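> Build me a structure from this.
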Amino acid sequence: MGAVVLVHGLYHRPEHFADVAEQLRAVGTEVAVPELHRGSLLADTAVVQGAVDALREPAVVFGHSYGGSVITGVRGAGHLVYLAAFVPDAGESAAGLGGASPRLRDAIRSEPDGSTSLCPDRAAAALYNDCPAPLAARAVGLLRAQAPGCGRGVPERHSWRDTPSTYVVCGQDRAVDPCLQRRMAARCTDVREWSTGHSPFVGRPRPVVGLLRELLATTSLRRCPLPGILWSPRS
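Take a look at the predicted model:
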């Protein structure tokens, strides 16, 4: 049933994808959820590259928010999915493209060791505004401190140029401006728009799972075309 790599954003953990990963594994999909927070974009990209390389087949690689910068630098994906995510071009970073919204920046606080974290009440309003309160509270409780500088990292390659890609605009997002998302989405092969906040995998995992299963099926057909049918990256 194919393979998926789920890549989280800043301040997040693999555990934020627990519901999505569980539902995918229940139907036989191989799922990898690497831990970022390696100190730089290049180090984060390397750990995701390792997860992609360890799979038996080209994976659908899914990046959320800052995770879009990470998956942009990965080789060998079967399909890229950007969820409210950054899609950098040459010389660009997440911060340079526009970065966090003023609402999310207002939630960031500095820690004594030079890292930053998110104020819980403001984080909930920015990241999980459309999630049921118990799920939002659980998600906020999982957030962790973030080393500085990752959002200013510039990818070494730009895989969306030669890999099929889908961008999901989150139309009610309070963390990354939907207008910015639509501009970045123009770089991708396909664009969807959902009426959700920044993190639908927390409060509404079913559409995320449905999209990934749809793309897994498409990627499988692209690898094994029917006789007489030619497939291109934009089929």
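
> Contacts only, for the closest residue to residue 19 other than its chain neighbours.
Spatial nearest neighbour of residue 19, excluding adjacent residues (Cβ to Cβ, 6 or more residues apart in numbering): residue 205 at 4.2 Å. Yep, even glycine has a C-beta here, placed from its N, CA and C like the rest. By Cβ atoms under 8 Å, 6 or more residues apart in numbering, the contact set of residue 205 is 19-20, 23.

> Next one: residue 205 from residue 145, what distance?
26 Å (Cβ to Cβ, to the nearest Å).

> still on that earlier bit, need the contacts of residue 205 in a markdown table with secondary structure and neighbour count, can you?
Shown next, in a markdown table, are those (DSSP: H, G, I helix; E, B strand; the rest coil; neighbours: other Cβ atoms under 10 Å):
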| residue | secondary structure | neighbour count |
| --- | --- | --- |
| 19 | helix | 17 |
| 20 | helix | 22 |
| 23 | helix | 18 |
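
> Closest one to residue 139 out of those residues, please.
Proximity of those to residue 139 (Cβ to Cβ) peaks at residue 19, which lies at 10.6 Å.

> The closest one contacts residue 200, correct?
No: Residue 19 is beyond contact range of residue 200, at 10.6 Å (criterion: Cβ atoms under 8 Å).

> would you list every one of the helices in this protein?
For the chain, the helices defined by DSSP state H cover 18-26, 41-54, 67-72, 94-97, 102-107, 120-127, 133-142, 178-185, 200-203, 205-223.

> which residues are in contact with the fifth one?
Contacting residues not belonging to helix 102-107 are listed as 99, 118-119, 122-123, 125-127, 174-176 [Cβ under 8 Å, 6+ apart].

> how does it look with 10 Å?
Outside helix 102-107, the residues that touch it by Cβ atoms under 10 Å, 6 or more residues apart in numbering are 10-11, 65, 99-101, 116-127, 129, 173-177, 198.

> what about residue 150, neighbour count?
Neighbours of residue 150 under the rule other Cβ atoms under 10 Å: 24.

> Am I right that it is in contact with residue 99?
No: using Cβ atoms under 10 Å, residue 150 makes no contact with residue 99, being 11.2 Å away.
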